[in-house]
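> sequence and predicted structure are below.
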Number of protein chains: 4
Amino acid sequence: MSSETPKNDNKLVIGAHEFDSRLVIGTAGYANFQVMLDCVRASRAEMVTVSIRRIDLAASQESGVLDLLADECTILPNTAGCFTARDAVFTAQLAREALQTNLIKLEVIGDDETLLPDGEELLKAARQLVSEGFDVMAYSNDDPILCSKLQDAGCAAVMPLGSPIGSGMGIQNPYNLRIIRDLLEVPMFIDAGIGTASDAAFAMELGCDGVLLNTAISGAKKPVVMADAFRKAVEAGRSAYVAGRIPRRHYAQASSPTAGMVQWKDS
Amino acid sequence: MSSETPKNDNKLVIGAHEFDSRLVIGTAGYANFQVMLDCVRASRAEMVTVSIRRIDLAASQESGVLDLLADECTILPNTAGCFTARDAVFTAQLAREALQTNLIKLEVIGDDETLLPDGEELLKAARQLVSEGFDVMAYSNDDPILCSKLQDAGCAAVMPLGSPIGSGMGIQNPYNLRIIRDLLEVPMFIDAGIGTASDAAFAMELGCDGVLLNTAISGAKKPVVMADAFRKAVEAGRSAYVAGRIPRRHYAQASSPTAGMVQWKDS
Amino acid sequence: MSSETPKNDNKLVIGAHEFDSRLVIGTAGYANFQVMLDCVRASRAEMVTVSIRRIDLAASQESGVLDLLADECTILPNTAGCFTARDAVFTAQLAREALQTNLIKLEVIGDDETLLPDGEELLKAARQLVSEGFDVMAYSNDDPILCSKLQDAGCAAVMPLGSPIGSGMGIQNPYNLRIIRDLLEVPMFIDAGIGTASDAAFAMELGCDGVLLNTAISGAKKPVVMADAFRKAVEAGRSAYVAGRIPRRHYAQASSPTAGMVQWKDS
Amino acid sequence: MSSETPKNDNKLVIGAHEFDSRLVIGTAGYANFQVMLDCVRASRAEMVTVSIRRIDLAASQESGVLDLLADECTILPNTAGCFTARDAVFTAQLAREALQTNLIKLEVIGDDETLLPDGEELLKAARQLVSEGFDVMAYSNDDPILCSKLQDAGCAAVMPLGSPIGSGMGIQNPYNLRIIRDLLEVPMFIDAGIGTASDAAFAMELGCDGVLLNTAISGAKKPVVMADAFRKAVEAGRSAYVAGRIPRRHYAQASSPTAGMVQWKDS
């Protein structure tokens, strides 16, 4: 099997970091810290994203939570809850100072009901942060032109949504994601909207480099079982993408009838 | 995590047989016997289905292929290529005699272009074979009433298609499959039409007990990598089903913004 | 425009009857007889289907309702509520005697929760009724082999469902309907599951010869407006089918930019 | 029926203009001017959009084509082919001067392969043109935040795409369009991607105020028949939206069996 696998196929590269896992999970919404930690471990995620709220940063560091997580994973701070480029840039700067990392998951939200990205502010923030040396992973709409401009702006990864954050609606527009896949050379994640394992497998089969999710695990009835499901689903989707699926045909193609055991005798 | 898992959740029971794996794969269409065997192993399937063609049965047994497979897996003979109940019943009887098994995957095809099942002949054959003591796994259309009648006829498992054999079109009618899931108490497989890993995960998330496929592995560019993908996809889908996915919501549900790291301090 | 239209394109032929309209509507579930009549008129349906219940036949005829309808439309009696071939055949015979028509919409239901057709009993009844000289319009599952057998049995029309009766779920499996369209030479209707106008247009664009519906009109908030919507939708779908739609392309095809007003100068 | 229809329901208001038709069609890509004119008439569109290319404007006016069209319809000039806000604004100014209209269909394209809108440049151009007194109808991505900002910028109508221009892929993301419908108070059109009649009916059922298309008619095998199909489809979709469709149900709802002709006797 090793001869079939491209060299280093399993390595995902973001800025200076290399990862074997292609699943990134969020840390919010768990019943308690232990469940969160069990899920991180069951998912085998090597990068976890945490929300940087100015008021909490000092406190949460004191609590040792970030230190504990940082022993096991790369921490990806995010700017969740920011509605303007200015606010997001400031939050990213705070995160860099506090966590000593250039990585930032950039979210600039346009609406607190849908939590959908504001492309105009997002572009502004991305350009500013790249110029300040950040490795920007940009949470984006599934707009191919916007994603292309985020790449041009120098983002380390572009992360279009499948559907709104926490909606569990899966991938609403595979057509756009395929166009984005064609346009991008930087790593592309699906970020937001994933509801269940098959959504994540499907994202990877579209050629995505990774999947980022949170609620789909933290909100499942059995979060740790779901974390394990997502680990396998992302691996399954990646393997299927690498393996090269059969084409879709309008009509049936006999497997058994015309190709029975006879051929084995020839082998 | 063990406390979260139902007792014996991993065991699939068909007639007198118990299986840890919920993936059944076909043995046709591989480049050679070694690739087929590598795929069976990579898939970790514990049951493989082989086509019983009268003319080949003696020859293939001589070749030792079936013996070799039988050492590693449960053999599930199938009646692929039969167009009438009479032909299918006869083929099943031959299989039982040759392979010393009551298991039979019953296929009665209505058309050699679409290879779609002929429900009327299928029901006739199923009733006959059950009366003769077979453990019938019936390949069926996704017709809820037909599936229900196959259950009433005493089939050990009912196996509606996702789409036509070898089409790779995936699951065309999840709505019907949900109705069938509600109606059936016997094990339910998706058999036919699976194209890639996410299709299999999705089938399991619908509550299916297993997935049967052939071309999706044998026809992939890298069959062994694809076999591994399907193993993980079926496990992922099963785990996600057991874990209980989040509901779909029309609007976004904040994960990060309103549920930051603060709450961990409270836990 | 007339030169573009195939000869007699608008005529639908069922047995000895010819119709300009390709919409057939049911007569159940209306607030009162006047609303029903207004809907029939707004829909411009030329054939309406009525349920033959033994106990009501005499009474309803006395009421003059059928006579009134029969002045405006062809009456298509149906065997709704029959669960066996025997019951359906008997109901059809009653209908013929009472209404003096060979037309029968054959329903044989397998389950009173889903109201889905029982293919096995349906085939039995169809063969019997054809042998007795009925023009059978068979309400069927979207099973291509079953539909093909209904044609072979001599049915005047085959009418696969879009989704269960009254569900309003629209067309769940266009893939199967396309296969059925390829297989059938007799007229093909979509019967059941239509929820709104676009469902009916889509059915016609698939190449169906007609659409049969009831609840989508009778259950709408404004039934008469909805009847008018369905009239236009069926005509629109038929015209679009005849007109020959543009192909689907993965990427954009400029309409304006590369093909501006210049070309008009050439005309 | 008139009592069921909201007052003035049929009137669509854009700036100072009122329309009975909710279909706007483009004028590019026809075999010749006469076919184009026949299609405009068959579609009963009251507004047609024409591409303003600087080099052609003088010539095409000379040809009298615009005058002829303007006798029958409102002319909606568009900025197709513009890649920057600056270029689009300039083109709009030329159009106003030449055609003496404040109406402008604003297109700012980000990519000449996909022809998808560039949201950033689009917003810039929209703000500028509104400040100069234009009635801007903005062709947009299906990004709810972008559409909301276009409304806030003062656009007279916001026109998200169904899929890329000329692709015929229909409506790829009804979920986003529903969110946009909820967010917008100004008229909302679907512009681009419509392939066939049912797409247009579906767009209207989502609550859109109108549909704009070009290639779906000009590229059909029989353009005039297709124009007639779209006229009916838009009317059908609008009527269905106004009529209030039945809800979708997972299981069947009997129309005939439990609600036969008996009830008419009670009415």
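Noted; the coordinates are in hand.

> enumerate the beta-bridge partners assigned to the residue most central in space within chain A.
By CA atoms, centre = their mean, chain A has its centre lying nearest to A:L212, at 2.5 Å. Per DSSP bridges, the residues bridged to A:L212 are A:V24, A:D191.

> for it, what are its contacts?
Counting by CB atoms under 8 Å, 6 or more residues apart in numbering or on different chains, A:L212 touches A:L23, A:V24, A:I25, A:G26, A:T49, A:K105, A:M159, A:F189, A:I190, A:D191, A:A192. The C-beta positions use only the backbone N, C-alpha and C, and glycine is treated the same way.

> what about 10 Å?
For A:L212, the contacting residues are A:22-26, A:45, A:47-49, A:76, A:78, A:105, A:137, A:139, A:157, A:159, A:161, A:189-192, A:194, A:200, A:203, by CB atoms under 10 Å, 6 or more residues apart in numbering or on different chains.

> so who does A:G133 touch?
Residues counted as contacts of A:G133 (CB under 10 Å, 6+ apart) are A:R96, A:N102.

> for A:Q34, grab phi and psi.
When read as degrees, to the nearest 10, the backbone of A:Q34 gives phi -70, psi -40.

> what's the burial count for it?
By other CB atoms under 10 Å in any protein chain shown, 11 other residues sit near A:Q34.

> can you give me the helices in chain A?
Per DSSP state H, chain A carries helices over the ranges A:33-43, A:54-62, A:65-72, A:85-99, A:119-131, A:144-152, A:174-183, A:197-205, A:215-218, A:223-243, A:262-266.

> can you redo those helices as CSV with mean pLDDT and distance to D:I180?
Listed next are those as CSV, based on pLDDT from 0 to 100; distance: least, CB to CB, whole Å:
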stretch, mean pLDDT, distance to D:I180
helix A:33-43, 93, 34
helix A:54-62, 53, 33
helix A:65-72, 83, 38
helix A:85-99, 93, 23
helix A:119-131, 98, 14
helix A:144-152, 97, 16
helix A:174-183, 93, 15
helix A:197-205, 97, 23
helix A:215-218, 96, 23
helix A:223-243, 97, 30
helix A:262-266, 28, 55
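
> among the ones you listed, which is nearest C:V35?
helix A:174-183 (42.2 Å; CB to CB).

> buried ones in the closest one?
Judged by neighbour count (16 or more other CB atoms under 10 Å in any protein chain shown), helix A:174-183 contains these buried residues: A:P174, A:Y175, A:N176, A:L177, A:I179, A:I180, A:R181, A:L183.

> just the residues you listed that are near chain B?
For chain B, no contacts are drawn from the buried residues of helix A:174-183 by CB under 10 Å from any CB of the partner chain.

> I'd say A:S51 and A:I75 touch.
No. Using CB atoms under 10 Å, A:S51 makes no contact with A:I75, being 11.3 Å away.

> please say which of the two ends up with more neighbours.
Using other CB under 10 Å, the more surrounded residue of A:S51 and A:I75 is A:S51, with 28 against 19.

> identify the bridge partners of the more buried one.
Under DSSP bridges, the beta-bridge partners of A:S51 are A:N78.

> quick one: end-to-end length of stretch A:241-248, please.
15 Å (CA to CA, to the nearest Å).

> can you check stretch A:211-227 too?
Terminal residues of stretch A:211-227 lie 13 Å apart, using CA to CA.

> then stretch A:212-229?
14 Å.

> and for stretch A:209-222?
End residues of stretch A:209-222 are separated by 27 Å (CA to CA).

> now that stretch, how far from the chain's geometric center?
From the chain centre to the centre of stretch A:209-222 is a distance of 10 Å (CA atoms, centre = their mean, to the nearest Å).

> stretch A:99-114 now?
For stretch A:99-114 - counting by CA atoms, centre = their mean - the centre lies 13 Å from the chain centre.

> kindly report the same for stretch A:170-183.
Worked out by CA atoms, centre = their mean, stretch A:170-183 lies 14 Å from the chain centre.

> that one close to chain C?
Yes. Judged by CB under 10 Å from any CB, stretch A:170-183 and chain C are in contact via A:Y175, A:R178, A:I179, A:D182.

> how about the residues you listed in CSV, adding distance to chain D?
Below are the residues of stretch A:170-183 next to chain C laid out as CSV (distance: CB to the nearest CB, whole Å):
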residue, distance to chain D
A:Y175, 5
A:R178, 11
A:I179, 6
A:D182, 9
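
> identify the residue nearest A:M169 in space, chain neighbours excluded?
Of all residues not flanking A:M169 in the chain, A:S163 sits nearest, at 3.6 Å (CB to CB, 6 or more residues apart in numbering or on different chains).

> distance of the one you found relative to D:L76?
A:S163 sits at a distance of 33 Å from D:L76 (criterion: CB to CB, to the nearest Å).

> the two: who's more crowded?
Between A:S163 and D:L76, counted using other CB under 10 Å, A:S163 has the larger neighbour count: 27 against 24.

> gap between the more buried one and A:L150?
19 Å.

> now swap in A:N214 and tell me
From A:N214 over to A:L150 the distance is 21 Å, taken as CB to CB.

> and A:A203, by the same measure?
Here the criterion is CB to CB. By it, A:A203 lies 18 Å from A:L150.

> more crowded one of those two?
A:A203 (33 against 29).

> leaving out sequence neighbours, find the closest residue to the more buried one.
Among residues not flanking A:A203 along the chain, A:I190 sits closest, at 4.1 Å (CB to CB, 6+ apart).

> the one you found touches A:L206, doesn't it?
Yes. With contact defined as CB under 10 Å, A:I190 reaches A:L206; the gap is 8.0 Å.

> and for these two, which residues touch both?
In contact with both A:I190 and A:L206: A:I171, A:L177, using CB under 10 Å, 6+ apart.

> and the closest residue to A:E185 other than its chain neighbours, what is it in contact with?
Closest residue to A:E185 apart from its sequence neighbours, by CB to CB, 6+ apart: A:Q151 at 7.0 Å. The contact partners of A:Q151, by CB under 10 Å, 6+ apart, come to A:A126, A:A138, A:A157, A:V158, A:I180, A:L183, A:L184, A:E185, A:V186, A:M188.

> hmm, back to that, got CSV for the helices of chain A, with distance to C:I246 too?
Output for these, formatted as CSV (distance: least, CB to CB, whole Å):
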stretch, distance to C:I246
helix A:33-43, 45
helix A:54-62, 54
helix A:65-72, 53
helix A:85-99, 41
helix A:119-131, 30
helix A:144-152, 22
helix A:174-183, 16
helix A:197-205, 28
helix A:215-218, 38
helix A:223-243, 31
helix A:262-266, 44
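
> rewinding a little: and A:I190 and A:L206? which has more neighbours close in?
Using other CB under 10 Å, the more surrounded residue of A:I190 and A:L206 is A:I190, with 27 against 18.

> alpha carbons only: can I get stretch A:25-44 in CSV?
Taking Å, rounded to 0.1, in the frame of the first residue of the first chain, the C-alpha atoms of stretch A:25-44 are listed here in CSV:
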residue,chain,number,x,y,z
ILE,A,25,-11.5,21.2,16.4
GLY,A,26,-12.8,24.0,18.5
THR,A,27,-12.8,24.1,22.3
ALA,A,28,-16.1,25.7,23.1
GLY,A,29,-19.4,24.4,24.4
TYR,A,30,-18.3,21.3,26.2
ALA,A,31,-19.8,20.2,29.5
ASN,A,32,-16.5,20.6,31.2
PHE,A,33,-12.8,20.7,30.5
GLN,A,34,-12.3,16.9,30.9
VAL,A,35,-14.9,16.1,28.2
MET,A,36,-13.2,18.6,26.0
LEU,A,37,-9.8,17.0,26.5
ASP,A,38,-11.2,13.5,25.9
CYS,A,39,-12.7,14.7,22.7
VAL,A,40,-9.4,16.3,21.5
ARG,A,41,-7.7,13.1,22.2
ALA,A,42,-10.3,10.9,20.6
SER,A,43,-10.3,13.1,17.5
ARG,A,44,-6.5,13.0,17.3
